[in-house]
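**Q** Here is a sequence together with a model predicted from it:
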Amino acid sequence: MNERPWLVVPAAGKGRRMGAERPKQYLPLAGRPVLARTLARLHQAFPDARLCLCLDAEDAHFAPDDVPFADWRRVPGGAERVDSVVNALAAIANDAADGDAVLVHDVARPCVTADDLRRLRAAVAADPVGALLATPVADTMKRDDGAGRVKATEPREGLWHALTPQGFRYGLLRHALAEAARRGVAVTDEASAVEALGHSPRLVSGRRDNLKITHPEDLVLAELILAAQAARDDHSPDRNDNA
Ligand SMILES: Nc1ccn([C@@H]2O[C@H](COP(=O)(O)OP(=O)(O)OP(=O)(O)O)[C@@H](O)[C@H]2O)c(=O)n1
Ligand SMILES: C[C@](O)(CO)[C@H](O)COP(=O)(O)O
């Protein structure tokens, strides 16, 4: 496996659930756009990585100065997240080898730590199928009856929240996504496409504070998480990267 991973960052979403005046990746988070924060975390862990950044063709907010990587390219986003990832994999087809590691990370997850990123990368290197960060479900799970009442309490044993990054070898991931599209399999993350081939990606237990900014209150939480992480880690570059 090539030592320099490929990073695919889907950042072409509209942020409809956020309901802001611009896509959530361009909202300020502790003084910088969410996109800049997320890319800074990825760069901290993988300074030599090759980045594919999926952006909406009509994106009017992107600032190239927010990209800290030397080796990066812009790729047009697709209609859904999975289409953005497919576009990214197609864009690197001439440069990527089937055995190269590709880590896909939502731009909307700026609180991922360098430690989790490196552990995920190591798991991907060690596992022929691939791996994803995930965290065990901690709450009691209810199923509704479709009319606002509880139908059942579902067992939570063995249930995990899928996070990102999710990492796979280039050839397997491209094949899995193509097959999922051909068979009409619903794909909300990379792992589900690989699972549909009959494989079992490895679950790498990640931090619960690797939240996906989705709703307005998540932005407030993310700001608190970044502050707590910076206070915990004297060496965090986030302490000095507000410029
Ligand atoms: N067509 C799309 C849709 C989503 N994404 C990206 O996929 C990640 C996860 O998507 P989500 O959180 O659902 O983001 P949005 O699509 O922006 O949000 P919403 O569903 O509320 O509109 C985000 O980093 C988002 O930018 C993407 O690259 N291309
Ligand atoms: C990939 C993902 O972040 C895993 O939790 C998630 O599936 C993407 O979120 P979406 O709301 O389904 O786009």
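**A** Happy to help now that I have it. Ligands and ions are numbered 1, 2, ... in the order given.

**Q** State the number of residues packed around the residue of the chain found nearest ligand 1.
**A** Nearest residue of the chain to ligand 1: residue 13, at 2.1 Å (C-beta to the nearest ligand atom). Glycine gets a C-beta too; all of them are placed from N, C-alpha and C. Residues within reach of residue 13, counting by other C-beta atoms under 10 Å, total 21.

**Q** Kindly report the same for the one 5 residues further on.
**A** Other residues near residue 18 come to 20 when the count uses other C-beta under 10 Å.

**Q** residues contacting residue 164?
**A** By C-beta atoms under 8 Å, 6 or more residues apart in numbering, the contact list for residue 164 reads 104-106, 109, 112, 132-133, 189, 210, 212.

**Q** which helix of this protein spans the most residues?
**A** In the chain, with assignment by DSSP state H, the single longest helix is helix 216-232.

**Q** hmm, that one in reach of ligand 2?
**A** No. Figure legend: helix 216-232 not in contact with ligand 2 (C-beta under 6 Å from any ligand atom); closest approach 11.6 Å.

**Q** Report the buried residues of that helix.
**A** 218-219, 222-223, 225-226, 229-230 (16 or more other C-beta atoms under 10 Å).

**Q** Return the list of helices and strands in contact with that helix.
**A** Under the contact criterion of 3 or more C-beta pairs under 8 Å, 6 or more residues apart in numbering; DSSP states H and E, helix 216-232 touches strand 28-29.

**Q** Moving C-terminal from the strand it packs on, which element do we reach first?
**A** For strand 28-29, the following helix or strand on the C-terminal side (DSSP states H and E) is strand 32-33.
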